[in-house]
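[1] Structure for the following, please:
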Amino acid sequence: MLKLIFLFFFSYILGSIPFALLVALPQGIDPRKEGSRNPGATNVARLLGKKWGIVTFLGDSLKGVLALFIAFLLLDKISYSEEFILAGTAFFAVLGHLFSVFLKFRGGKGVATTIGVFLILTPKAMFICLGIFFIAVFLSNYVSVGSLLATALLPLTIFLTGYSSEYILCSFLLAILIWIKHKDNIKRLLRGEEKTWKKVKR
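    Okay, the predicted model is just below:
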C-alpha cells in the first residue's frame with residue numbers, strides 16, 4: 001500500500017511541473033498573465049510561436065510518460081492489478097498538471113499530459129482521438145474544440161478498442177476534469193470570442 005501511495009504521489013508531483021513556465025519565463029513571458037493566461041502549450045505557441053509551443057507540449061506529455069515508466073518498473077513490487085496501478089498513475093500525473101502544487105493548485109488544461117499517458121496505455125484509441133483532434137482543429141481553427149471533442153470521445157474509443165475498464169474509468173474522470181477546466185473556453189466559444197491557436201502580434 002505504501003509503495004502505491006508513494007507512486008501516485010510522485011506521479012502527481014511529476015505532473016505538477018509547469019513546463020509552460022520553464023519555457024516562457026526565461027524569455028520574459030509569463031503565460032499566466034498574457035494571452036489566454038493558461039500555462040499550457042497552446043498559449044505558449046500563441047505567445048512565443050509554434051516551436052516553443054511544441055517544446056511545451058512535449059514536456060507536458062513526457063512527464064506523464066515518465067510517471068508510467070516508473071510505474072512499469074514497480075509493477076512486480078506492488079500487489080495490485082497492473083491496470084489499476086497504471087490507470088492510477090496516469091490519473092495522478094494528469095491531476096498534477098491540472099492542479100499543480102507549484103502553481104498554488106492551479107494549472108493547465110491537462111490535454112498534453114492526457115495524450116502522453118494514453119499513447120502508452122491505449123495507443124489505438126489515442127491515435128483515433130488524435131485524428132479527431134486534428135480534424136476538429138483544422139475545421140474550426142480552435143484548439144479548444146479539438147481538445148473538448150477528443151477528450152469526450154476518448155472513453156468510448158477506449159471501450160470500442162477493447163482496453164480495460166480501469167482505463168475507461170480513468171479517461172472518463174479525466175474528461176470531466178478537462179471539460180471543467182475548459183469552462184471559460186466553452187463560454188467564449190458560445191459567445192464567438194474564443195481565440196485561435198495562432199500567434200498574437202506583439
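[2] And the helices in the protein?
    2-15, 19-24, 41-48, 50-74, 82-98, 111-121, 123-140, 143-160, 165-181, 183-191 (DSSP state H).
[3] would you turn these into TSV with mean neighbour count and distance to Phe105?
    Placement of C-beta: from N, CA and C, glycine included. Output for these, formatted as TSV (neighbours: other CB atoms under 10 Å; distance: least, CB to CB, whole Å):
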stretch	mean neighbour count	distance to Phe105
helix 2-15	18	11
helix 19-24	22	15
helix 41-48	25	19
helix 50-74	19	17
helix 82-98	23	9
helix 111-121	26	16
helix 123-140	17	27
helix 143-160	21	21
helix 165-181	19	13
helix 183-191	13	17
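[4] List just the one of these that sits closest to Arg32.
    helix 19-24 (7.5 Å; CB to CB).
[5] Touching the closest one from outside, list them.
    30-32, 38-41, 43-44, 47-48, 52, 55-56, 59-60, 63, 103, 108 (CB atoms under 8 Å, 6 or more residues apart in numbering).
[6] same thing with stretch 153-169?
    Applying CB under 8 Å, 6+ apart, the set of residues contacting stretch 153-169 from outside is 81, 83-84, 86-87, 114, 118, 121-122, 124-126, 128-129, 132, 171-172, 175.
[7] got the CA coordinates for the least confident helix or strand in the chain by mean pLDDT in PDB?
    Across the helices and strands of the chain, mean pLDDT, DSSP states H and E gives its lowest value to helix 41-48, namely a mean of 90. Extracted C-alpha coordinates of helix 41-48, given in PDB (Å, rounded to 0.1, in the frame of the first residue of the first chain):
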ATOM      1  CA  ALA A  41       1.300  24.600 -24.800                       C
ATOM      2  CA  THR A  42      -1.400  26.400 -26.800                       C
ATOM      3  CA  ASN A  43      -0.900  29.700 -25.000                       C
ATOM      4  CA  VAL A  44       2.900  29.400 -25.300                       C
ATOM      5  CA  ALA A  45       2.500  28.800 -29.000                       C
ATOM      6  CA  ARG A  46       0.300  31.800 -29.300                       C
ATOM      7  CA  LEU A  47       2.700  34.000 -27.400                       C
ATOM      8  CA  LEU A  48       6.100  32.700 -28.500                       C
END
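[8] Run through who's touching it.
    Taking CB under 8 Å, 6+ apart as the rule, helix 41-48 contacts 20, 23-24, 27, 29, 31, 34-37, 52-57, 60, 108, 112, 143-144, 195, 197-200, 202.
[9] Could you list the low-pLDDT ranges of the protein?
    For the chain, applying pLDDT under 70 flags the ranges 197-202.
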